[in-house]
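1. sequence isn't available, so here's the structure alone:
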């Protein structure tokens, strides 16, 4: 195998694609008779591949991966000798080796993803993300900041429903925010259940839905790569109170977010203020 691209955005795409190929091969090899075993194996195979390639090709960078031991703990100090602390590092790869393990373990489902993002201390962006890729292996595509998708068109449903504009909001299959049904009714929206956060934000990027709203618990790796791609595309991304998303924080919890077309941001943030309190 030859060397990967050295430019960070292209490298992120290459790495997400490589992990996705490994996950598809694992799915084919193991089948779906034991979903629990497939989930565990998928997490491990993708995590080990990504960690190995980052250690080989980006040895000076820090890494925050969902599958790292203690990844969900808030870091109060430098880690032990020999390991670069992400809190003092200038560059940190934030990765979710397998976003949507439930969907990955279900035959026929394609709404799962691989997330690879790079945060940099000197980034010109408010969120600090300078490169990212969302691999959608079962959809045979990777969305990346190296070649951002064109700004998405309004969804067909919203564009053809007259003055009411029936929006399409991506919603969690398993744990949508309790207020989301009321909010959808308020703004005249139709909820579209989907699997992983990466698949939902990818659907906003490609124009399959108009927005994704989440509240109720996520971590930085759930949204870093998708947000990097979404903002590179020109979409709005923020917390549900409108404040900026921040990454490589001491506490990796990032419990809520809104990703949408920029022309919908004011309307949806106002609705969130009414319903999320």
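-> Cool, the structure landed. Quantities reported herein were computed from a predicted structural model and do not represent experimental measurements.
2. shaky segments in the stretch 51-200 of the chain?
-> The stretch 51-200 of the chain contains residues with pLDDT under 70 at 74-84, 155-165.
3. tell me where it has helices.
-> Applying DSSP state H, counting those that start in this stretch to the stretch 51-200 of the chain gives helices spanning 101-104, 156-159, 180-187, 197-206.
4. tell me what the helix or strand following the longest one is packed against?
-> Under the assignment DSSP states H and E, the closest C-terminal helix or strand after helix 197-206 is strand 211-215. In this structure, strand 211-215 packs against strand 167-172, helix 197-206, strand 256-260, helix 265-275, with contacts taken as 3 or more C-beta pairs under 8 Å, 6 or more residues apart in numbering; DSSP states H and E. Quick note: C-beta positions are derived from backbone N, CA and C, even for glycine.
5. tell me how far whichever helix or strand comes after strand 211-215 lies from the chain's centre.
-> Using DSSP H and E, the helix or strand that follows strand 211-215 in sequence is helix 220-233. Remark: helix 220-233 is offset 5 Å from the chain centroid, using C-alpha atoms, centre = their mean, to the nearest Å.
6. out of the helices and strands packed on strand 211-215, which gets nearest to residue 117?
-> helix 197-206 (10.6 Å; C-beta to C-beta).
7. ok and that closest one relative to strand 256-260, angle-wise?
-> For helix 197-206 against strand 256-260, the angle by axes from the mean of the first three to the mean of the last three C-alpha atoms, to 10 degrees is 30 degrees.
8. quick one: helix 197-206 to strand 167-172, angle?
-> Angle, helix 197-206 to strand 167-172, by the same axes, to 10 degrees: 160 degrees.
9. roughly how far is helix 197-206 from the heart of the chain?
-> Centre-to-centre, helix 197-206 and its host chain are 8 Å apart (C-alpha atoms, centre = their mean).
10. switch to numbering from 10
-> Got it, the first residue is 10 from now on, which makes the last one we talked about helix 206-215.
11. quick one: contacts of it?
-> Contact partners of helix 206-215, identified using C-beta atoms under 8 Å, 6 or more residues apart in numbering, comprise 105, 108-109, 112, 119-124, 143, 145, 152, 158, 161, 179-181, 201, 203, 218-221, 223, 227, 231-232, 234-236, 238-239, 242, 244, 268-270.
12. what about 7 Å?
-> With contact meaning C-beta atoms under 7 Å, 6 or more residues apart in numbering, helix 206-215 is reached by 108-109, 120-122, 124, 143, 145, 152, 158, 161, 179, 203, 218, 220-221, 223, 227, 231-232, 234-235, 238-239, 242, 244, 268-269.
13. hang on, the earlier thing: including mean neighbour count, could the helices of the stretch 60-209 of the chain go into TSV?
-> Converted to TSV, the helices of the stretch 60-209 of the chain look like this (neighbours: other C-beta atoms under 10 Å):
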stretch	mean neighbour count
helix 110-113	21
helix 165-168	15
helix 189-196	17
helix 206-215	27
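14. quick one on the thing from earlier: what subset of the contacts of helix 206-215 is buried?
-> Among these, those scoring as buried are 108-109, 120-122, 124, 143, 145, 152, 158, 161, 179, 203, 218, 220-221, 223, 227, 231-232, 234-235, 238-239, 242, 244, 268-269 (criterion: 16 or more other C-beta atoms under 10 Å).
15. nearest to residue 254, out of the helices of the stretch 60-209 of the chain?
-> Of all the helices of the stretch 60-209 of the chain, helix 206-215 sits nearest to residue 254, with 11.8 Å by C-beta to C-beta.
16. could you figure out how far that closest one is turned away from helix 229-242?
-> In terms of direction (the same axes, to 10 degrees), helix 206-215 departs from helix 229-242 by 10 degrees.
17. now do helix 206-215 and strand 220-224, the angle between them.
-> With the same axes, to 10 degrees applied, the angle from helix 206-215 to strand 220-224 works out at 150 degrees.
18. angles on the backbone of residue 264, please.
-> Here is the backbone geometry of residue 264 (degrees, to the nearest 10): phi -80, psi -20.
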